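Chemist: coords please:
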Amino acid sequence: MKRKLVVLLAAALTSGLIFAGCGSTEETGTADVSTAEEELSADADQAAADEVAALIDAIYVQERTHETDAQCAAAKEAWDALTDEQKELVQGENADPDYFGRDTGDASLDDPLNQDGIGENEILVVSFGTSFNDSRATDIKGIEDSIQEAYPDWSVRRAFTSQIIINHIQARDGEFIDNVDQALERAVDNGVRNLVVQPTHLMHGAEYDELVETLAEYEDQFESVSVAEPLLGEVGDDATVINEDKAAVAEAVVSAAVEDAGYDSLKAADEDGVAFVLMGHGTSHTAKVSYSQMQTQMSELGYDNVFIGTVEGEPEDTACEAVIEAVNEAGYTNVILRPLMVVAGDHANNDMAGEDDDSWLSMFEAAGLFESVDTQIAGLGRIDAIREIYTAHTAETIEAPGQETTANDTDAAAVPEDGVYTAEFHTDSSMFHVNEAYDGKGTLTVENGEMVIHVTLVSENIVNLYVGTAEDAQKDGAELLEPAEDTVVYSDGTTEVVYGFDVPVPVIDEEFDVAIIGTKGVWYDHKVSVSNPVPAE
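Modeler: Numbering: from 1, shown residues only. I've put the predicted structure just below:
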């Protein structure tokens, strides 16, 4: 019975095809099969692309694990197995065809500086990093090479703080760059005794703070650890505070921008109606005032046609819309955009000079206010004068490790009269110092010849102090200094609760021992001194 039913159904289907029209049996069947095959092929292409996108998203993370190396290799192998058409279909949360496909230059021109055989003295150059090969080899490597040339007896090594960028470079180019922990562990394993860390960061921002906190965890592994100043030097209290570093940076980047634009001088560009817009990253950190200070610095130097902006729009007056308005109100009709960043990476190529509607180039053009808008894609690190600033900061640190200021060389001063004073508080470590809002100073109280200085620190990471050595601090009966909660009010109006300590001062202008212990429960020895007491107002 089942067999008869099958035969009848087959006959009915055949009749239907015949009555559908002359010659349609073969054509319709072929079309249906062809369409089905195409759909299956398209599904397979998308599935292969989706697999690669998932592998890219898995390594687009800021944490390195024991699986990272294998994940990077797997992502590249899967990408290489795709056809050109399949590569164009790669799209994930962070993945796109440019992750592996974009040509950013020759990675072989770079040096990851991850070699062993370091020796006793190391200069670790720490950068955020960039996956743009040309910029990495020119800007970051250029700074590293300049420092190595200045200190041939020291070994220069590299670390990046962005694991996302490290993974990208490793997966795409097979170049292995250390993160900060890896670089520090390498230094320990190599028997490094004296470590100087030179950040290529612009300012004392979040990245710099995180670096210092990480270094504190390794401090007992070296005889000395010192952190050099970032490019722009000390932050200062408000937008009016400028310094020699900011002046030198302003002069260097403007000179390069003017030359690249084909002008003999900034004045000649000004007369031609040209404004230079320098685009930094921006930050919500209190150090964002540094961008406002750089605008002040431009004004102080008479650079009226130079404007400072930021990708993040923090401070607010550095947002793209605000800068467009400022340039227009100043009467300039031609604009040249250039990054105020160490590297010419993703921000410079995409956020500044990209084709998307929200790039600075597109937004300046869309404003309809300017006759021309051009870009210069060049990082600060390729400018010789900028390299010299970094090298000078390294030199200052090597010559006086950890010293932010220098105490007077005179004999110990007498105890001041009873009263309240503002005094400088110096330490031998850039990881243990007064909060930046207090300009390296504390409040010294003198009563009956006894001196105590209250110092406000940068965080709550140091939980106790002891006037004396770390060895004595751990003995029974040691009187540890307990922290107070200090509320710091920064120049931009933001506040933060940190720890402060009342430290007994045995003498003015002479070093004495102070031991500290952090959240990890390890004691460290330090030398501190108090100098230049000035009666408080």
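
Chemist: CA atoms for contacts and neighbours, from now on please.
Modeler: Noted.

Chemist: Okay, now the unreliable bits of this structure?
Modeler: With pLDDT under 70 as the threshold, the chain has low-confidence stretches at 1-33, 36, 400-414.

Chemist: and the gap between the residue nearest the centre of it and Gly205?
Modeler: Centre of the chain computed as the mean C-alpha position; nearest residue by CA atoms, centre = their mean is Phe128, 3.9 Å away. Distance of Phe128 to Gly205, computed by CA to CA, to the nearest Å: 12 Å.

Chemist: same check, this time on Ile123
Modeler: Using CA to CA, which is the criterion applied here, Ile123 is 21 Å from Gly205.

Chemist: Between these two, point out the one with more neighbours.
Modeler: Set Ile123 next to Gly205 and count neighbours by other CA atoms under 10 Å: Ile123 wins out with 24 against 19.

Chemist: is it true that that one touches Arg193?
Modeler: No. Counting by CA atoms under 8 Å, Ile123 sits too far from Arg193 to count as a contact (11.2 Å).

Chemist: how about the helices in the stretch 101-250 of the chain?
Modeler: Counting by DSSP state H, counting those that start in this stretch, residue ranges of the helices within the stretch 101-250 of the chain are 133-135, 141-150, 163-173, 180-189, 206-216, 244-260.

Chemist: Compare these and give me the one nearest Ile56.
Modeler: When these are compared for distance to Ile56 using CA to CA, the nearest one is helix 163-173, at 8.6 Å.

Chemist: report the angle between the axes of that closest one and helix 180-189?
Modeler: Orientation check (axes from the mean of the first three to the mean of the last three CA atoms, to 10 degrees): helix 163-173 against helix 180-189 gives 80 degrees.

Chemist: quick one: which of the helices of the stretch 101-250 of the chain is nearest Leu480?
Modeler: Each of the helices of the stretch 101-250 of the chain was checked against Leu480 via CA to CA, and the shortest separation belongs to helix 206-216, namely 20.1 Å.

Chemist: just to revisit the earlier point, I'd like to know which of the helices of the stretch 101-250 of the chain is closest to Ser430.
Modeler: Closest of the helices of the stretch 101-250 of the chain to Ser430 is helix 206-216, at 7.9 Å (criterion: CA to CA).

Chemist: So which bits of the closest one are buried?
Modeler: Neighbour-count burial for helix 206-216, with 16 or more other CA atoms under 10 Å as criterion, is recorded at Glu207, Tyr208, Leu211, Val212, Leu215, Ala216.

Chemist: would you turn the residues you listed into CSV with distance to Trp523?
Modeler: Listed next are those as CSV, based on distance: CA to CA, whole Å:
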residue, distance to Trp523
Glu207, 25
Tyr208, 23
Leu211, 20
Val212, 17
Leu215, 14
Ala216, 11
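
Chemist: which of these lies closest to Glu229?
Modeler: Checking the buried residues of helix 206-216 against Glu229 with CA to CA, the nearest one is Tyr208 at 9.6 Å.

Chemist: count of residues packed around the spatially closest residue to that closest one that is not a sequence neighbour?
Modeler: Residue nearest to Tyr208 in three dimensions, not counting chain neighbours: His201, with 7.0 Å by CA to CA, 6 or more residues apart in numbering. If you count neighbours by other CA under 10 Å, His201 ends up with 19.

Chemist: Okay, His201 and Leu55: tell me how far apart.
Modeler: Relative to Leu55, His201 is positioned 30 Å away (criterion: CA to CA).

Chemist: Report the contact partners of the nearest residue to Ser284 once chain neighbours are set aside.
Modeler: Nearest-residue entry for Ser284: Glu314, 6.2 Å, with adjacent residues in sequence omitted and distances by CA to CA, 6+ apart. By CA atoms under 8 Å, 6 or more residues apart in numbering, the residues touching Glu314 are Gly282, Thr283, Ser284, Lys288.

Chemist: run the last query once more with 10 Å
Modeler: If you count contacts by CA atoms under 10 Å, 6 or more residues apart in numbering, Glu314 has them with Gly280, His281, Gly282, Thr283, Ser284, His285, Lys288, Val289, Tyr291, Ser292.
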